[in-house]
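*Asks:* the following block contains a protein sequence and its predicted model.
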Amino acid sequence: RPQNHISQITNELGEQKLHISARIIDEPRRLSNQRGEPIPSASKTRLILSLQKIEQISVSGKISATVIGQLNANYGDYISFYGKLQEPYPNNNPYSFNYKEYLESKGIYATTFLYSNPVRESASSETESRQIGDWRTNGAKSIKIKSRQQNLYSVLIIKPRKWLRNRIENLFPQKEAGFLKAILLGEKQALDKNIKEDFADSGLSHILAVSGLHTGVIALIILTLLQVIIRKRNLARIFTILILFYYVLLSHSAPSVQRAVIMISLLLIAKIIQRKGDSVNILFAAGFIILLINPQQIFSVGFQFSFLSVFAILVVYPIFAKILYGLKGKWALLYWLLNLMAISFVVQLLLSPLTVYYFHKIAFGGILANVIGIPLISLILPLSILTIFFPIASINVYYIAANKFLLNILFAISRFISIKRILLFDFLNFEKWQVLGIFTVLILLILIWKKRDSFSKKFSYTISSAFVILILIFSPILLYSPKIELTVLDVQT
């Protein structure tokens, strides 16, 4: 990073308020309370800013600004204010969420809080007015905004995203609207806190992200519609790829969406050029492309979970599929249910070391919940898209009612498993060396089962590997001498 990057100078700025000039580089987000409702008493807006100057010195890098009070600002606007920059706080309590690491993974190295009393300038203003003396008198309550003429990104991405958001909010109650904005647009700030907790504890939290499942359903809908309209299949596939990359931008470029869209695009390109695509090679190619564009993604939890879960489905699940294949003819329903459980199990198994490391709990109840949750979300997604775009209101009310009914079933399932704490294990902790050790054993186990050895030989290797994993998990208790540990919790009152 250059010497004038904000990460290099934050500690040198001190406690005084400084004159800061920056540009808004993401859509301003209105913050919500725990129920996903906008905060009524004092409106709060989160801005992601690209720094231009601090005082009269050129500075680069991104910061996060929380503005208290009404603020009429848009993507691309230039903003000037007096404020105090500080490093984000790390996790003060053991095993809690590390906000500093989260922001750094997004390239944000400083935060500030402001009170809004904005002064707006038009884009045609040639010279910037000098009101520094007045601003110092008023403290941080004056924010000067210089509007920019709308660019292509604002017209093609921001406006359609706002239309979709408003459409969902107008059609559905607060709780359902927050959920649909999360699964369609990747916007979780309006999601009810109880839903977040229920889905996390029931092993259904992957449904709350715009994941490969969601993108795959959307891709199938787009491709099917285009093949009806366009007779040439290859042309329909090309348009599908273009629309999917447009959807990446609409959904805030979430890592799981990037991965899914790149994989689907490579599969469609393989069909266009009449080549057989290997799914595992395509997965690694997608990862290479994403990391080539943004190497920082390797540290993103979303990136790690997304690729590891797909790797589990593509590489580990076929081992179980072969075992279950004998049920396909006579016991079709049982075969289908066990396959869903097997997919859920292998994903949970491979994600469990990372889940414990980052979130300090495992929700194996998802193995059962996904048997109902995945078919439900596969119905909810196309039905939600239909209700958003269906033009006849008198008919659309029935689609909306059906969608709300399915959503409430999904909420009830996650709530039941969460309250009963079915197969939920929390207050767990893994060190980095334990995570690496467990993954090493799991990879060796996968390689063993991929070989053409006898079942008894594979089974014996599995028992041995399980024993090694247990040693890795419990070795801290065996190796370290007992000691009294006093933990003081920071409640930040």
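*Replies:* That came through fine. All values derive from a computational prediction rather than experimental measurement.
*Asks:* what about the helices in the stretch 251-400 of the chain?
*Replies:* Counting by DSSP state H, counting those that start in this stretch, residue ranges of the helices within the stretch 251-400 of the chain are 255-272, 279-293, 301-311, 317-324, 332-359, 366-389, 393-420.
*Asks:* distance from the third one to the middle of the chain?
*Replies:* Once both centres are worked out by Cα atoms, centre = their mean, to the nearest Å, helix 301-311 turns out to sit 11 Å from its chain's centre.
*Asks:* what comes into contact with that helix?
*Replies:* 105, 206, 209, 211-212, 254-256, 259-260, 263, 280, 283, 287, 290, 297-298, 347, 350-351, 354, 358 (Cβ atoms under 8 Å, 6 or more residues apart in numbering). (Each C-beta comes from the backbone N, C-alpha and C, glycine too.)
*Asks:* and if we set it to 7 Å?
*Replies:* With Cβ atoms under 7 Å, 6 or more residues apart in numbering as the contact definition, helix 301-311 has outside contacts at 211-212, 254-256, 259, 283, 287, 297, 347, 350-351, 354, 358.
*Asks:* for those, which one is nearest Ile367?
*Replies:* Of all the contacts of helix 301-311, Ile367 sits closest to Val347, with 9.2 Å by Cβ to Cβ.
*Asks:* report the angle between the helix or strand harbouring Pro160 and helix 393-420.
*Replies:* For Pro160, the host element (DSSP states H and E) is helix 159-171. Between the direction of helix 159-171 and that of helix 393-420, the angle (axes from the mean of the first three to the mean of the last three Cα atoms, to 10 degrees) works out to 80 degrees.
*Asks:* any idea which of the helices of the stretch 251-400 of the chain gets closest to Ser80?
*Replies:* In terms of Cβ to Cβ, the element of those nearest to Ser80 is helix 279-293, at 31.3 Å.
*Asks:* using CSV, write out every CA atom in that closest one.
*Replies:* Output for helix 279-293, consisting of C-alpha atoms alone and laid out as CSV, is shown next (Å, rounded to 0.1, in the frame of the first residue of the first chain):
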residue,chain,number,x,y,z
SER,A,279,-17.4,-29.5,-12.8
VAL,A,280,-14.4,-29.7,-10.4
ASN,A,281,-12.1,-28.0,-12.9
ILE,A,282,-14.7,-25.3,-13.5
LEU,A,283,-15.0,-24.8,-9.7
PHE,A,284,-11.2,-24.2,-9.4
ALA,A,285,-11.2,-22.0,-12.5
ALA,A,286,-14.0,-19.8,-10.9
GLY,A,287,-11.9,-19.5,-7.8
PHE,A,288,-8.8,-18.6,-9.8
ILE,A,289,-10.7,-15.9,-11.7
ILE,A,290,-12.2,-14.3,-8.5
LEU,A,291,-8.8,-14.3,-6.7
LEU,A,292,-7.2,-12.9,-9.8
ILE,A,293,-9.6,-9.9,-9.7
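*Asks:* does anything pack onto it? Which helices or strands?
*Replies:* helix 255-272, helix 301-311 (3 or more Cβ pairs under 7 Å, 6 or more residues apart in numbering; DSSP states H and E).
*Asks:* let's see that with 6 Å instead.
*Replies:* Helices and strands touching helix 279-293, by 3 or more Cβ pairs under 6 Å, 6 or more residues apart in numbering; DSSP states H and E, are helix 255-272.
*Asks:* CA atoms of stretch 52-66 as PDB?
*Replies:* Extracted C-alpha coordinates of stretch 52-66, given in PDB (Å, rounded to 0.1, in the frame of the first residue of the first chain):
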ATOM      1  CA  GLN A  52      -9.700  12.100  -1.500                       C
ATOM      2  CA  LYS A  53      -8.100  14.500   1.000                       C
ATOM      3  CA  ILE A  54      -7.600  14.900   4.700                       C
ATOM      4  CA  GLU A  55      -7.100  18.700   5.300                       C
ATOM      5  CA  GLN A  56      -5.100  19.600   2.200                       C
ATOM      6  CA  ILE A  57      -3.200  16.300   2.000                       C
ATOM      7  CA  SER A  58      -4.100  13.700  -0.700                       C
ATOM      8  CA  VAL A  59      -5.100  10.300   1.000                       C
ATOM      9  CA  SER A  60      -6.200   7.100  -0.600                       C
ATOM     10  CA  GLY A  61      -8.200   4.100   0.800                       C
ATOM     11  CA  LYS A  62     -11.800   3.300   1.900                       C
ATOM     12  CA  ILE A  63     -13.600   4.300   5.200                       C
ATOM     13  CA  SER A  64     -17.000   3.600   6.600                       C
ATOM     14  CA  ALA A  65     -19.000   6.600   7.800                       C
ATOM     15  CA  THR A  66     -22.200   6.300  10.000                       C
END
